[in-house]
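J.: sequence and computational prediction follow.
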Amino acid sequence: MAGKAVKSVAKAVGGYQYPWQEKLAKYKDELSKGVWGYWELGAWKPLSISARHRARLRKEVLLSGADWEYDPARKEMKTKRKGHKVDRLAAEKRERTKELMEGMPQMLADYKKRKWEQKMKAEEDAAKKTLQE
């Protein structure tokens, strides 16, 4: 009598542990057939375990630290963007302008150097022309 009382108190204190190992072993072949059901001989057959019980079993397995390999493979995410193309292009243009503005002092220095070289070359050509005449 005392043993039963101790067991019931221990069970009440420790909380009810869902026996997921036993359930997982019982429904292992059923879970591997798919999440919602499967086709067999041209007919759709739902799983013998309900979605609620499947979700509860999955949760218990994951909480215990074990792996749950019965989820279907996730599809690749869509890369198509939503929204207006104008907004996206405007943002890209602003980024490009910002990058160009950071390099602007060097660009101006290069431009001034090229113009100065052109001016010097033109003066040299003019000087050569006057010497030849």
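T.: Perfect, I can see it now.

J.: drop to CA atoms for contacts and neighbour counts, all remaining ones
T.: Will do.

J.: residues in contact with Ile49?
T.: Neighbouring residues of Ile49 by Cα atoms under 8 Å, 6 or more residues apart in numbering: Tyr27, Glu30.

J.: domains in this structure, as residue ranges please.
T.: For the chain, automatic domain parsing gives the domain ranges 18-71, 101-133.

J.: what count of nearby residues applies to Glu60?
T.: Neighbours of Glu60 under the rule other Cα atoms under 10 Å: 18.

J.: please apply the same query to the one 3 residues further on.
T.: Taking other Cα under 10 Å as the neighbour definition, Leu63 ends up with a count of 10.

J.: not counting sequence-adjacent ones, nearest residue to Trp20?
T.: Nearest residue to Trp20 in three dimensions, chain neighbours excluded: Leu57, at 6.1 Å (Cα to Cα, 6 or more residues apart in numbering).

J.: Gln21 is in contact with that neighbour, correct?
T.: No. Using Cα atoms under 8 Å, Leu57 is not in contact with Gln21; the gap is 9.1 Å.

J.: which one of those two has more residues nearby?
T.: Taking neighbours as other Cα under 10 Å, Leu57 and Gln21 compare with Leu57 leading, 19 against 11.

J.: I'd like the distance between that one and Ala25.
T.: Distance of Leu57 to Ala25, computed by Cα to Cα, to the nearest Å: 11 Å.

J.: quick one: low-confidence parts of this protein?
T.: The chain contains residues with pLDDT under 70 at 1-18.
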